[in-house]
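Chemist: what follows is a predicted protein model with its sequence.
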Amino acid sequence: MMYEEFAVIYDSVMSEIPYGKWFDDLHGCLKRLGKDGGHVCEIGCGTGEMAARFANAGYEVTGIDLSPDMLARAEQKKGNRKILYLNQDMADFALHKPADVVLCICDTINYQIREEDLLATFECVCKNLADGGIFIFDVKTEYCYEHILGDSVRFQEGDGYAVVWENAYDREKKINEYLLTMFICREEPGLYERHEEYHSQRMYSRNQIYQLLREAGMTLHACYGGGLEKEPGAEEERIYFVAGKEGQGI
């Protein structure tokens, strides 16, 4: 199971991620699309960093994640914010009310290794999206897997933990595998527990994304690079897609 022990140190490991800038870019895009309020559903919400920011901006937020450990961290940080967290599969979730916006960021889509699972995710989003609603998601690019991550080993340490990331990208199968070896200090200072987690991601081309969206009854409205304002360039690490129900413009 992914994101069990990793959930304990996830926020510390990801502390350099510019969540504030990321939120500003997403919020700016939504405001341009007329979605400066309403119900936002974030699938793959993790420990709730982005969900909290949208709640602070006045949205009603539902966060969905498959990992109970990640959701437990999100609940700890929720405070009085209007957020409902649900332990559900992104390919088979149900909301209490349609979402005006569905978000799926931080390469969560890439964790759907099989095309049929990604299609099921898109179909589920379409089913839970309000009429005129917007679906924004990102995917890591092949440029990222080949040139940024590559076949590399990375070491990271922080307060009470150390992590070794071993990365391998299969260029034929388009599968990226991570082995995380974690050393986490529990109760006794200087005593570390060793844990391992395997994570796999799949690279999806833009054409594959287009086709699967169409099969799910959705239409692609726009495609952006970093900043969510311009067409993606050749060396983008992530590409952002903006979609909606078929036949409904923005």
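Modeler: Great, that's in hand.

Chemist: in this protein, where is pLDDT below threshold?
Modeler: Flagging of the chain using pLDDT under 70 yields the residue ranges 1-5, 187-189, 249-250.

Chemist: helices of this protein, start to end?
Modeler: Ranges of helices within the chain are 5-13, 19-32, 49-56, 68-78, 115-128, 142-143, 206-215, based on DSSP state H.

Chemist: what's the third one packed up against?
Modeler: If I follow you right, that is helix 49-56. For helix 49-56, the elements it packs on are helix 19-32, strand 39-43, strand 60-65, helix 68-78, strand 83-87, judged by 3 or more C-beta pairs under 8 Å, 6 or more residues apart in numbering; DSSP states H and E. Backbone N, C-alpha and C define where each C-beta goes, glycine included.

Chemist: again, but for the fourth one
Modeler: The criterion is 3+ C-beta pairs under 8 Å, 6+ apart, and the helices and strands that helix 68-78 contacts are helix 5-13, helix 49-56, strand 60-65, strand 83-87.

Chemist: out of the ones you listed, nearest to Asp131?
Modeler: Closest to Asp131 of the helices and strands packed on helix 68-78 is strand 60-65 (C-beta to C-beta; 17.2 Å).

Chemist: just want the angle from the closest one to strand 83-87.
Modeler: 20 degrees (axes from the mean of the first three to the mean of the last three C-alpha atoms, to 10 degrees).

Chemist: please work out which residues outside strand 60-65 touch it.
Modeler: By C-beta atoms under 8 Å, 6 or more residues apart in numbering, the list of residues contacting strand 60-65 from outside reads 38-46, 48, 51, 54-55, 71, 74, 81-88, 90, 93, 95-96, 99.

Chemist: now that strand and helix 49-56, what's the angle there?
Modeler: Relative orientation of strand 60-65 versus helix 49-56 (the same axes, to 10 degrees): 170 degrees.

Chemist: Ile136 and Gly28 touch, don't they?
Modeler: No: with contacts counted by C-beta atoms under 8 Å, Ile136 stays clear of Gly28, the gap being 11.6 Å.
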